[in-house]
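Undergrad: need a 3D model of the sequence below.
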Amino acid sequence: MKKSLIALAVLAASGAAMAQSSVTLFGILDAGVGRISSGGTSVTGVTNSGLATSRLGFRGEEDLGGGLKAGFWLEGAVQNDTGTGQGGGAAGPGFEFKRRSTVSLSGNFGEVRLGRDLTVGYVNSTAADVFGDVGVGASIGKSFFTNVIETRKGNAISYFLPSNLGGIYGQVQYVFGESLSNAAYDKAGDYLGARIGYRNGPLDAAIAFAKGRGATAAADADQFNIFASYDLGVVKPFIGFNQEKNKAAVQTKYQSYLLGLTAPVGPGTVRVSYNDVDRKNSPDDAQKFAIGYVYDLSKRTALYGTLAHVKNKGAAAFTTNTGGLALTPTGGKNSNGYEFGIRHSF
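TA: Below is the predicted model:
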């Protein structure tokens, strides 16, 4: 059960105190045991974040009246197998709020949010990933251009559509690169993305576009993706497509297809995923298959197990790396992995 805390903010100028509407402490601890292998090398040990990323955070909301609300969200990753704060963009070992650090205003007009957050393109590229982009089963077909098309970015401004549009949802996001040091290309680090979707009953589908600026114009990259899911009750299929390409004279383009399904079985859920990554005009392609089961002990605690296999072609070097265990892959060599663990949320 999430803990609700009443926080007091001290006003330095007047010495008066004011109570916020609500502040919540929340988190997830997820640990297990697993093994990964690639190119004849393997490692076995304690893993973390195999079902959900371990984290610690604070969020709050204040009712300003007239339907207007102010909110904040501070969240950082926790490597609970070692106790460090690595993850979400944080190098560790210290704890940082790099998973999310935002302040927002929301109302009938929607929500305006400022700070470090997930990028629009990433959210849509992983929407069809039944493994939630964590653990040995995570999809391999996204974020090919480091520091351009990323998972999270700071200095972001986002606008979210209101929730009363008959199932239509969407977001527009702009990120300032703030690259004063790069006088030759002042757009470095900038990012623009938009997402529009429709969710009604069993159907959920969305499309997204994004453009990221690199250190030079040739390093700029574009992203396009689409996903859909439909809950049939006995099974819920997912389908996704993600494309990323740069602006270099000799262009590099990746196209990834993701198929998945979840099915309630007993007190838990079976998860199955197939991922195909095609690097255009290159033999460096890969496929990944993963299967797993989540056994719900309660609403907050679950046991899980996952098996995964990656088949690399050419010089492709994708792996089944998971939190706490990693190998430097060998190009063209297959990778296998498994993990069994427990996740507890609070």
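Undergrad: switch to C-alpha atoms for all contacts and neighbour counts from now on
TA: Fine.
Undergrad: what pLDDT is listed against the nearest residue to Ala315 once chain neighbours are set aside?
TA: In this structure, Ala315 finds its nearest non-sequential neighbour in Gly331, 4.3 Å apart by Cα to Cα, 6 or more residues apart in numbering. Turning to Gly331, the model gives it a pLDDT of 93.
Undergrad: ditto for Met18
TA: Met18 is assigned 46 on the pLDDT scale.
Undergrad: and for Ile6?
TA: pLDDT recorded at Ile6 is 36.
Undergrad: the one 3 residues further on too?
TA: What the model reports as pLDDT for Ala9 is 36.
Undergrad: ok, now Asp186?
TA: Listed pLDDT for Asp186 reads 79.
Undergrad: my read is that it contacts Ser179, right?
TA: Yes. Taking contacts as Cα atoms under 8 Å, Asp186 lies within contact range of Ser179: 6.0 Å.
Undergrad: state the distance from Gly167 to Leu161.
TA: 11 Å (Cα to Cα, to the nearest Å).
Undergrad: who's more crowded, these two?
TA: Leu161 (18 against 13; other Cα atoms under 10 Å).
Undergrad: next, the buried residues of the helix or strand containing Pro264.
TA: Element membership for Pro264 (DSSP states H and E) is strand 253-265. Buried residues in strand 253-265, counting neighbours by 16 or more other Cα atoms under 10 Å, are found at 253-263.
Undergrad: what's in contact with it?
TA: The contact list for strand 253-265 (Cα atoms under 8 Å, 6 or more residues apart in numbering) reads 128-130, 139, 141-142, 144, 233-246, 269-280.
Undergrad: the residues you listed in strands, which ones?
TA: Judged by DSSP state E, strands contain the following of those: 236-246, 269-279.
Undergrad: could you pull out the helices for the protein?
TA: Taking DSSP state H, the helices of the chain run over residues 120-125.
Undergrad: where does it dip in pLDDT?
TA: Within the chain, the ranges that satisfy pLDDT under 70 run 1-20, 180-183.
Undergrad: start and end of stretch 327-339, how far apart?
TA: 15 Å.
Undergrad: now do stretch 59-79
TA: Using Cα to Cα, the gap from the first to the last residue of stretch 59-79 comes to 21 Å.
Undergrad: do the same with stretch 212-219
TA: One end of stretch 212-219 sits 9 Å from the other (Cα to Cα).
Undergrad: equivalent analysis for stretch 214-221, please.
TA: Using Cα to Cα, the distance between the terminal residues of stretch 214-221 is 7 Å.
Undergrad: buried set for it?
TA: 214-216, 219-221.
Undergrad: do the same with stretch 108-127
TA: Neighbour count says stretch 108-127 has 110-122, 124-127 buried, by 16+ other Cα under 10 Å.
Undergrad: so where do the strands sit in the stretch 151-300 of the chain?
TA: Under the criterion DSSP state E, counting those that start in this stretch, the stretch 151-300 of the chain carries strands at the ranges 152-160, 168-175, 191-200, 203-212, 221-230, 236-246, 253-265, 268-279, 286-296.
Undergrad: can I get the ones you listed in JSON lines with distance to Gly85?
TA: What follows is those, written out as JSON lines (distance: least, Cα to Cα, whole Å):
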{"stretch": "strand 152-160", "distance to Gly85": "16"}
{"stretch": "strand 168-175", "distance to Gly85": "25"}
{"stretch": "strand 191-200", "distance to Gly85": "26"}
{"stretch": "strand 203-212", "distance to Gly85": "27"}
{"stretch": "strand 221-230", "distance to Gly85": "30"}
{"stretch": "strand 236-246", "distance to Gly85": "30"}
{"stretch": "strand 253-265", "distance to Gly85": "30"}
{"stretch": "strand 268-279", "distance to Gly85": "29"}
{"stretch": "strand 286-296", "distance to Gly85": "26"}
